[in-house]
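Colleague: for reference, the sequence and a predicted model appear below.
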Amino acid sequence: MNTPALTIAEQKNIDSGPWFSKLSPTLRAAILERSQIRRLPDGALLSSRGAPADEWVGVAKGAVRVSSVSLSGKQITLTYVEPGTWFGDIALFDGLPRTHDANAHGETTLLAVRKGDFRDLLAQYVELYDALLRLQCRRLRLMFDVFEDLNTRPLAARLAKQLLLLARSYGIAQGEEIRIGLQLAQEDLAQLLGASRQRVNQELKGFERDGAVRVEPTRLVVLSRQKLLAIAER
């Protein structure tokens with residue numbers, strides 16, 4: 001359902017996004033002018049693998065769970081798209097279908113730019129081409145980092161690094177603690193890291209003993225960023 005305007009918090013998430021915030025004021029205004037606001041409940045389907053690509057999307061609140069289905073039919077989480085992030089442009093460039101499923105994770109607010117409006121923006125603003133090229137380069141670098149970590153770093157280091165990233169993107173400061181606002185089961189964490197839930201559970205128990213985190217039923221709380229940083233650098 002479309003709503004008249006973003007809330008103050010949602011607008012702040014969009015405006016402060018690391019990519020969007022570096023665009024010129026004119027281009028930012030043009031993108032927002034062509035955006036439709038969509039509010040989705042938890043689990044709502046945004047797009048399906050194999051479906052035609054018809055929009056470019058920015059996350060203003062919540063998260064988008066990007067997933068795939070294994071040969072055995074199991075749904076595997078690949079990443080969570082955080083507030084302030086824009087995605088979906090690759091398929092609009094190459095004209096191929098969507099490569100993964102995308103669902104709202106928690107109550108989610110999106111800005112959606114239709115395919116025709118996206119093309120109009122590209123035609124009117126050369127700056128957008130350059131900005132999207134830089135965005136693609138950043139995605140490639142991050143992807144290579146993930147591959148390198150997967151093949152060279154122990155699970156404990158990768159898990160600590162993932163928790164630090166989640167704390168940065170979804171952290172809610174409570175005194176010296178940082179509560180990760182994104183609701184994740186240990187199975188979700190395991191899928192992000194390419195590991196089993198049992199191994200992730202063992203590592204989290206070790207983090208708890210070291211005083212780095214506290215594990216709650218549906219939330220993780222970072223007790224010491226320094227301890228997590230030390231584990232991530234091992």
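Modeller: Here it is on my side, so go on.

Colleague: just give the closest residue to the spatially most central residue of the chain, not the sequence neighbours.
Modeller: Taking Cα atoms, centre = their mean, the centroid of the chain lies closest to V81, which sits 1.9 Å from it. Closest residue to V81 apart from its sequence neighbours, by Cβ to Cβ, 6 or more residues apart in numbering: V64 at 4.1 Å. The C-beta positions use only the backbone N, C-alpha and C, and glycine is treated the same way.

Colleague: ok, now which ones touch the one you found?
Modeller: By Cβ atoms under 8 Å, 6 or more residues apart in numbering, the contact list for V64 reads L46, V57, Y80, V81, F87, A102, N103, A104, H105, T108, L110.

Colleague: do L155 as well
Modeller: L193, A195, R199, V200, E203.

Colleague: using TSV, lay out these together with secondary structure and distance to Q186.
Modeller: Output for those, formatted as TSV (DSSP: H, G, I helix; E, B strand; the rest coil; distance: Cβ to Cβ, whole Å):
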residue	secondary structure	distance to Q186
L193	helix	11
A195	coil	10
R199	helix	10
V200	helix	5
E203	helix	10
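
Colleague: of these, just the buried ones, PyMOL syntax please.
Modeller: Under the burial definition 16 or more other Cβ atoms under 10 Å, those of these that qualify are selected in PyMOL by:
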select buried, resi 193+195+200+203
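
Colleague: so which strand or helix has L135?
Modeller: Applying DSSP states H and E as the criterion places L135 in helix 126-152.

Colleague: what comes up buried for that helix?
Modeller: Neighbour counts over helix 126-152 (16+ other Cβ under 10 Å) mark L128, A131, L132, L135, V146, D149 as buried.

Colleague: try stretch 182-192
Modeller: Neighbour-count burial for stretch 182-192, counted by 16+ other Cβ under 10 Å, picks out L182, L184, Q186, D188, L189, A190, Q191, L192.

Colleague: now do the same for the third one: its pLDDT.
Modeller: Per-residue confidence (pLDDT) for Q186: 87.

Colleague: from memory it sits against R197, does it?
Modeller: Yes - judged on Cβ atoms under 8 Å, Q186 makes contact with R197 at a distance of 5.1 Å.

Colleague: bridging residues for the nearest residue in space to G171 that is not next to it in sequence?
Modeller: What sits nearest to G171 in space, not counting adjacent residues and going by Cβ to Cβ, 6+ apart, is I178, at 4.2 Å. Beta bridges link I178 to A173, V222, judged by DSSP bridges.

Colleague: ok, I178 - contacts?
Modeller: Taking Cβ under 8 Å, 6+ apart as the contact definition, I178 lies against A167, G171, I172, V221, V222, R225.

Colleague: repeat the analysis, applying 6 Å as the threshold.
Modeller: Shown in contact with I178 (Cβ atoms under 6 Å, 6 or more residues apart in numbering): A167, G171, V222.

Colleague: got it, and L184?
Modeller: No contacts exist for L184 under Cβ under 6 Å, 6+ apart.

Colleague: doesn't it lie inside a helix?
Modeller: No - L184 is assigned coil when assessed by DSSP: H, G, I helix; E, B strand; the rest coil, not a helix.

Colleague: list phi and psi for it.
Modeller: Recorded main-chain torsions at L184 are phi -130, psi 130, according to degrees, to the nearest 10.

Colleague: same thing with Q183?
Modeller: Note on Q183: its backbone torsions stand at phi -80, psi 120 [degrees, to the nearest 10].
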